[in-house]
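A.B. asks: Need coordinates for the following:
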Amino acid sequence: MSRVGKLPVAIPAGVKVTVNSGMMTVEGPKGKLSQEYDSSLIDVKVEEKEALVSRKSDSKIARSKHGLYRCLLNNMVVGVSAGFTKSLVINGVGYRAEVQGKQLVMNLGYSTDFIAAIPEDLTVTVDGGNKIIVTGINKQRVGEFSAELRTLRMPEPYKGKGIRYENEVIRRKVGKSGVK
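C.D. replies: Purely as a prediction, here's the structure:
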């Protein structure tokens, strides 16, 4: 039995989980999310305060999907009730970011500024010019957009310049020594 899949998904107050044939839908105070699932392999039962995900057979593919759909359902419940946040920090002299309407404008040491369009389902704020906070209800979209921003200027190991996650630790390297 899957260690993750057998755990029940707690449903907080104000969140409504609906399961139709092959579709899980979660509605809450922050929005609405839906996810397709393979109803021939997985069975989802919704009770008053929790949802249980079980598999119909013991095949290898059913075992692999069991924990996956439980995690996806849990992420949807957490997203519509609390939301997800990723923080990015910009390090470097003159590196900065600002939000202009539905665009994120970043000066990252190149001759031109980077302009990233903010997706409709995400909220981006800049704190102090060097901290970018990405917020949304879909965990995958928050992580994907944060990763796209990070690839614009990856952190380098010598001076630590670039865009990194707030909790990320960059292993620093020693630069050249002046050998004579």
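A.B. asks: Which strand in the protein has the most residues?
C.D. replies: Taking DSSP state E as the criterion, the chain has its longest strand at strand 84-91.
A.B. asks: How much space separates residue 37 from residue 24?
C.D. replies: Distance, residue 37 to residue 24, using C-beta to C-beta, to the nearest Å: 6 Å. The way it works is simple: take the backbone N, C-alpha and C, and place the C-beta from them, glycine included.
A.B. asks: For these two, indicate the residue with more neighbours.
C.D. replies: It is residue 24, of residue 37 and residue 24, that has more neighbours when counted by other C-beta atoms under 10 Å, with 23 against 20.
A.B. asks: ok so the more buried one is a helix residue?
C.D. replies: No - with DSSP: H, G, I helix; E, B strand; the rest coil as the criterion, residue 24 is assigned strand and is not in a helix.
A.B. asks: Report pLDDT for it.
C.D. replies: Looking at residue 24, its pLDDT is 94.
A.B. asks: Name the nearest residue to it, sequence neighbours excluded.
C.D. replies: residue 35 (5.0 Å; C-beta to C-beta, 6 or more residues apart in numbering).
A.B. asks: Give me the angle between the helix or strand just after the longest strand of the chain and strand 84-91.
C.D. replies: Of the helices and strands lying after strand 84-91 in sequence (DSSP states H and E), the nearest is strand 96-100. Per axes from the mean of the first three to the mean of the last three C-alpha atoms, to 10 degrees, the angle that strand 96-100 makes with strand 84-91 is 130 degrees.
A.B. asks: name the helices or strands packed onto strand 96-100?
C.D. replies: Helices and strands touching strand 96-100, by 3 or more C-beta pairs under 8 Å, 6 or more residues apart in numbering; DSSP states H and E, are strand 103-107, strand 122-127.
A.B. asks: ranking the ones you listed by burial, who's on top?
C.D. replies: Stretch with highest mean neighbour count among the helices and strands packed on strand 96-100: strand 103-107 (a mean of 17; mean count of other C-beta atoms under 10 Å).
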